[in-house]
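[1] Here's my sequence, what's the structure:
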Amino acid sequence: MRNKNFVMLPHRIFSLGLKPKEFAVYCCLIRHSDREKNCCFPSRRLIAQECNMDKKTVDSAIRGLEERELVKKVCRQRENGTRTSNLYYILKKIE
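    Model (predicted):
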């Protein structure tokens, strides 16, 4: 549901009862996701910047999306053990 310059969202997204911060972050993750694997790895900083919110608000929104089982966050690490960006899976395709 993605094209070069825009992201299409199904009408049903409005019936999920998402908080505004969850809605914005969910749309951001969909925007960055790979169509076949349904995953993406934008940094918290990038998500915060694109959604016009701070990183703590992004974290709160992601927790809400995980509780609703819409997104799964996987913490990633480099070979030396330092943290890198998280990997986010879009779990449910909304149709």
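
[2] count of neighbours near the closest residue to Asp54 other than its chain neighbours?
    Leaving aside its sequence neighbours, Asp54 sits nearest to Ala48 (C-beta to C-beta, 6 or more residues apart in numbering; 5.8 Å). Every C-beta, even on glycine, is put in place using the N, C-alpha and C of the backbone. For Ala48, the count of nearby residues is 20 (other C-beta atoms under 10 Å).

[3] What helices and strands are in contact with the helix or strand where Ala48 lies?
    Using DSSP states H and E, Ala48 falls within helix 44-51. Contacts defined by 3 or more C-beta pairs under 8 Å, 6 or more residues apart in numbering; DSSP states H and E place helix 44-51 against helix 20-32, helix 55-67.

[4] got a list of what Lys19 touches?
    By C-beta atoms under 8 Å, 6 or more residues apart in numbering, the residues touching Lys19 are 61, 64.

[5] returning to that earlier point: adding distance to Leu91, write the helices and strands packed on helix 44-51 out as a markdown table.
    Below are the helices and strands packed on helix 44-51 laid out as a markdown table (distance: least, C-beta to C-beta, whole Å):
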| stretch | distance to Leu91 |
| --- | --- |
| helix 20-32 | 11 |
| helix 55-67 | 9 |
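
[6] CSV for the ones you listed, including mean neighbour count?
    CSV is the format used below for the helices and strands packed on helix 44-51 (neighbours: other C-beta atoms under 10 Å):
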stretch, mean neighbour count
helix 20-32, 20
helix 55-67, 17
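
[7] In CSV, list those helices along with mean pLDDT and distance to Thr82.
    Output for the helices and strands packed on helix 44-51, formatted as CSV (pLDDT from 0 to 100; distance: least, C-beta to C-beta, whole Å):
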stretch, mean pLDDT, distance to Thr82
helix 20-32, 95, 22
helix 55-67, 97, 18
